[in-house]
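In: No letters, just coordinates:
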């Protein structure tokens, strides 16, 4: 027999969890709808001759593409070739070899006829020792920096020092940009120079696609369930979620795989934080903070049509490392900038997006896990109402499935990147499947991230990649 | 334990959500089916209609009779074909396309759409009118430039740039200082492309406007269009109190390339603003004059990297005497000077493409 007070508490607690899950899913639902509305509006403004106009316009800023690489010998040459073929009037590719232990540098030197250069540059940001700079007489817009390993943020800071142009694009060396991605992403910088300080592009899942020569030739779904589920996740969180935040100029995350920044704004904010595990999010939040504290007008946006293809983990071990790292980065950024949370001085960032991230992104796995524990406790005490718990569980799943289905529908209306009707069925299947195992695992990994964060773990963990450069998966 | 939440409302909520999911899935399949059907129909009709369009446009005068009898769906396909062709074609064929567009009633429809209550429709109509480059659309576009919605305004400015005569384009000059930055930039882009005949207007605007952003845009245009008659005005503006005006003026003066600016650039190397010094050094690299070597050698010691970089570039461009100055800089006590000299002397063919 349970004590009445304990029973009352458990009843109250289970109702609170139900309410929290309802609020979390409603939060995603609102973001998805707001994101779709914003996507439609942005796409309506894209006219047929826009690309040509941007190619010719003297207002289109030159861009430095910064690509940090660590042990990327398998694909680095092909990926650099694909970067050099971008449709853009004036750009340079700055590849930063961040102390690779394999033949990343050697392959680049051989493929691009690189010669050591005495290139002088301004050391605006501190970074680890630079071992050498290489330039190519054949490719004047390629420069390779070889440096001592210091992590992605350090490599990006070194690349920022070396870059020449007023706008820089941070990408992952193993990602693939569509040929016109840079031109599409630069649009807000051309329309409002000096006001637009950063813009994120869409990162899509490359697993399963037909890729060769550094180009995606046919968009196909992966055969494995794990990457398939992540496609639905990316649509929900990365496409419509970020578009939703962008509508209110309160976007907090621009993916490290594909983002465009005004160099001066990034330098004024202090560049990438080398002691942060979530350097991409941290920089964006710091840029918000810098501008809002000085009451300077600015815009940080998200553009849905420039696309960067990236390989997502297709095994649980790599996925665990990625998710715990993402969550540690989130915790770290929110703790660093906790003074902004709930402060009207920081506008929509302080009053809406940061509290939203704190409650619905950072704390949600803890609440969800406590719900699963509660179920076990009630079951152990013989107090579990099976039909109520089952309905409770199905309700939580149904709401998530609803949001995911809506995201798939809206993607199909706005972009239609998955060409076959069968693909839609698979995506809807993945939206259901993710609730059985995948979701619970990611909850557990994200809770573990708290522990790792408290231990001061700043490691990235090796990302095992099969390589997207030259295969049909 | 007494449940705080009753089972029945939860069950109802589950059923409601399940129904919503099914509805969305159905909607997804429905919309995909509709799109696939429309696409199949379009790809079936497109070759036939393209042939009809080709025949109509190739005849002189155009013969649109067979196209006037088409149904609604086919008319939309024809319209899309015409807009697609208009994007790529110029000259007589483009005029024939424009004439055909008008003959089929699409121009009239666009002129009606440009008065729609929906801003997206008005912006779309303005963009289509720009693509088709019909002179009849100019009066409507001139009015639309002052629309209340910024998206419509920028589309109208772009359309006027495609359609309008030099006299019409003159009307865009006032937009250089527009309150909507995006509209001002669109006007600036158009004038950079087609404003060569408006040199006097641009100079007058740069001189007389009270708008700072407008003046800056006009100065940039002087440089981009290389308006040589603007040299005198630029000399005055280089002495302006506003550093940004000075920077843009020096940049424009360098683009014009008038050797008369040599002395002006020399004095600009002493300017209090580093971007001005930087642009002056960059300008001097275009002249490659040995006269500048002593001043450029001093500029090599500038505290700002970009000034040092362009001073060294200018020295490298100043012939053997400049290279000798760089070589002697290799022994300088200042490490920054040595680094820059070493880079410029050793860069060989690996020259970065500069902004």
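Out: Nice, I can see it. Because the structure is predicted, anything quoted here is derived from the model rather than measured.

In: Can you pull up the residues of the stretch 51-200 of chain B that come close to chain A?
Out: B:83-84, B:87, B:120, B:123-124, B:127, B:130-131, B:151, B:155, B:158, B:181-182, B:185, B:188-189, B:192-193 (CB under 8 Å from any CB of the partner chain). C-betas here are computed from N, CA, C, even on glycine.

In: Buried ones among those residues?
Out: Neighbour counting by 16 or more other CB atoms under 10 Å in any protein chain shown classes B:83, B:123-124, B:127, B:130-131, B:151, B:155, B:158, B:182, B:185, B:188-189, B:192-193 among these as buried.

In: Can you get me a residue count around residue 239?
Out: Just so you know, I chose chain A. Other residues near residue A:239 number 24, with proximity taken as other CB atoms under 10 Å in any protein chain shown.

In: Switch to chain B, please.
Out: 12.

In: Could you grab the helix/strand/coil label for the closest residue to it other than its chain neighbours?
Out: Nearest residue to residue B:239, sequence neighbours excluded (CB to CB, 6 or more residues apart in numbering or on different chains): residue B:246, at 7.7 Å. Using DSSP: H, G, I helix; E, B strand; the rest coil, the structure places residue B:246 in helix.

In: if I pick the one residue in the stretch 251-400 of chain A that gets nearest to chain B, what's in contact with it?
Out: Residue nearest to chain B within the stretch 251-400 of chain A: residue A:398 (3.8 Å; CB to the nearest CB). By CB atoms under 8 Å, 6 or more residues apart in numbering or on different chains, the residues touching residue A:398 are B:14, B:17, B:18, B:21.

In: Which of the helices or strands spans it?
Out: helix A:386-414 (DSSP states H and E).

In: Show me where chain B dips below the pLDDT cut-off.
Out: In the predicted model, chain B carries pLDDT under 70 at residues B:1-5, B:348-355.

In: and the longest helix along chain A with chain B, contact?
Out: Criterion DSSP state H: the longest helix present in chain A is helix A:4-45. Yes - Helix A:4-45 reaches chain B (CB under 8 Å from any CB) through A:7, A:10, A:11, A:12, A:14, A:15, A:18, A:44, A:45.

In: so how many other residues sit close to the fourth one?
Out: Residue A:12 sits with 10 neighbouring residues when counted by other CB under 10 Å.

In: Quick check: it vs residue B:28, distance?
Out: Counting by CB to CB, to the nearest Å, the gap from residue A:12 to residue B:28 is 39 Å.

In: What of the fifth one?
Out: Computed with CB to CB, the distance linking residue A:14 and residue B:28 is 34 Å.

In: do residue A:86 as well
Out: Computed with CB to CB, the distance linking residue A:86 and residue B:28 is 34 Å.

In: neighbour count winner among the two?
Out: Shown here are residue A:86 and residue B:28; by other CB under 10 Å, residue B:28 has more neighbours (23 against 19).

In: quick one: that one and residue A:411 touch, right?
Out: No - between residue B:28 and residue A:411 there is no contact under CB atoms under 8 Å: 9.7 Å.

In: quick one: the strands in chain A?
Out: A:63-69, A:91-98, A:115-117, A:130-135, A:142-147, A:167-171, A:176-177, A:196-205, A:210-212, A:215-218, A:258-262, A:299-310, A:471-472 (DSSP state E).

In: in the first one, what's buried?
Out: Just to be clear, that refers to strand A:63-69. A:63, A:64, A:65, A:66, A:67, A:68, A:69.

In: what's next to it, contact-wise?
Out: Against strand A:63-69 from outside (CB under 8 Å, 6+ apart): A:76, A:79-80, A:83, A:86, A:88, A:90-98, A:100, A:104, A:152, A:155-156, A:159-160, A:163-165, A:167-174, A:182, A:186, A:260, A:263.

In: Just the buried ones from these?
Out: For those, buried by 16+ other CB under 10 Å: A:76, A:79-80, A:83, A:86, A:88, A:91-98, A:100, A:104, A:152, A:155-156, A:159-160, A:163-165, A:167-174, A:182, A:186, A:260, A:263.

In: Show me the contacts of residue A:398 that map onto helices.
Out: B:14, B:17, B:18, B:21.

In: how distant is the helix holding residue A:398 from the center of its chain?
Out: 23 Å (CA atoms, centre = their mean, to the nearest Å).

In: Give the buried residues for that helix.
Out: Under 16+ other CB under 10 Å, the buried positions of helix A:386-414 are A:388-389, A:391-414.

In: Repeat that for stretch A:105-117.
Out: So for stretch A:105-117, counting by 16+ other CB under 10 Å, buried means A:105, A:107, A:108, A:109, A:112, A:114, A:115, A:117.

In: Considering those, which is situated nearest to residue B:330?
Out: residue A:117 (16.0 Å; CB to CB).
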